[in-house]
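1. Need the 3D shape of this:
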Amino acid sequence: MTSLLDQANNQANREAFLDRLAKKSGRSRHQLADHPFKPLNDLPEQMLADLTPTELLDAAKQNSESVNAELVVKSSAELADYLTELAHQDQAKCLLLPGLDASEWADYQLDGWAQNPGVEHVATWSPTLDRDQNEQNADQADIAIGLADYLIAATGSVTVVNRPEMGRGFNFLPTHYVALVPQSGLVRSTRQAMVNYEHRFAEGLKTSAITIISGPSNSGDIEMELVVGVHGPVQCTYVVIEDR
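-> Numbering: from 1, shown residues only. Take a look at the predicted model:
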């Protein structure tokens, strides 16, 4: 999987793809060096910049609720019991977990819990399974516990890097999607999250996509009535972890 991603993202392939687009559109390539980005204002840098960490978390909670997502704050020591209780509240029969190794679960004190989460059927999103099987497991899951990188206070959204152990369908197919976010991942704006990702890409992060999730699926197309869970999770919970 990684070798295919490297091949698809190499410089020669990118340049060939952009040249083909330019030829089809009948115009020359747009060169960023000739047209550098010039922001019109510094609004992204100023957004919520005057808030204390506590106030920023309060803003994140309020904005998460506005997109029908629940935000809770737990310590690592509380996390396993909370997730078990959450699954019981959902009366979950099928749980979906990302294919993380024990060390990643241990970062959240969940290495023991991941081995025995107390749910009847546990499936793991795995790079060793084909796409159809992974997505079938996700579609059948009553609840999925995944990892997110950042919680955006201004929009009540979380960001997730797609990876072989936690593919795109992991976030969108289960009935209840739960995102674990370290408190250090609380950011003011989407711009701040993307700047952080730029640094991580420079350090070697590789992914096919960054997904921004703003609560459960919503649609207002049916007679102008807001309906939750039309084509995605019915419930969405963000769990901010105080200490990691």
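2. Give the full set of residues in contact with residue 165.
-> Residue 165 sits next to 98-100, 125-127 when contact means Cβ atoms under 8 Å, 6 or more residues apart in numbering. For glycine as for every other residue, the C-beta is placed from the backbone atoms N, C-alpha and C.
3. Show the backbone phi and psi for the residue nearest the centre of the chain.
-> Nearest to the mean C-alpha position of the chain, by Cα atoms, centre = their mean, lies residue 160 at 2.4 Å. Backbone torsions for residue 160, taken as degrees, to the nearest 10, come to phi -130, psi 130.
4. Would you quantify the distance from it to residue 76?
-> Residue 160 sits 20 Å away from residue 76 when distances are taken as Cβ to Cβ, to the nearest Å.
5. Let me see the confidence value for the residue of the chain positioned farthest from its centre.
-> What lies farthest from the middle of the chain is residue 26; by Cα atoms, centre = their mean that is 37.5 Å. Here the pLDDT value assigned to residue 26 is 91.
6. Specify the next element, helix or strand, located C-terminal of the least confident helix or strand in the chain by mean pLDDT.
-> Lowest mean confidence among the helices and strands of the chain (mean pLDDT, DSSP states H and E): helix 2-8, at a mean of 62. Next helix or strand after helix 2-8 toward the C-terminus (DSSP states H and E): helix 11-25.
7. What's the first helix or strand after that following helix?
-> Later in the chain than helix 11-25, the nearest helix or strand by DSSP H and E is helix 43-46.
8. where's the next helix or strand after that next one relative to the chain centroid, distance-wise?
-> Sequence order places helix 53-66 as the next helix or strand after helix 43-46, per DSSP H and E. Mean C-alpha position of helix 53-66 versus that of the full chain (Cα atoms, centre = their mean, to the nearest Å) differs by 18 Å.
9. tell me which residues in helix 53-66 are buried?
-> For helix 53-66, burial by neighbour count (16 or more other Cβ atoms under 10 Å) applies to 56-57, 59-61, 63-64.
10. re the thing from before, check the residue nearest to the centre of the chain and give its pLDDT.
-> The model reports residue 160 with a pLDDT of 97.
11. repeat for residue 221
-> According to the prediction, residue 221 has pLDDT 62.
12. likewise residue 229?
-> Looking at residue 229, its pLDDT reads 58.
13. Many thanks, we can stop here.
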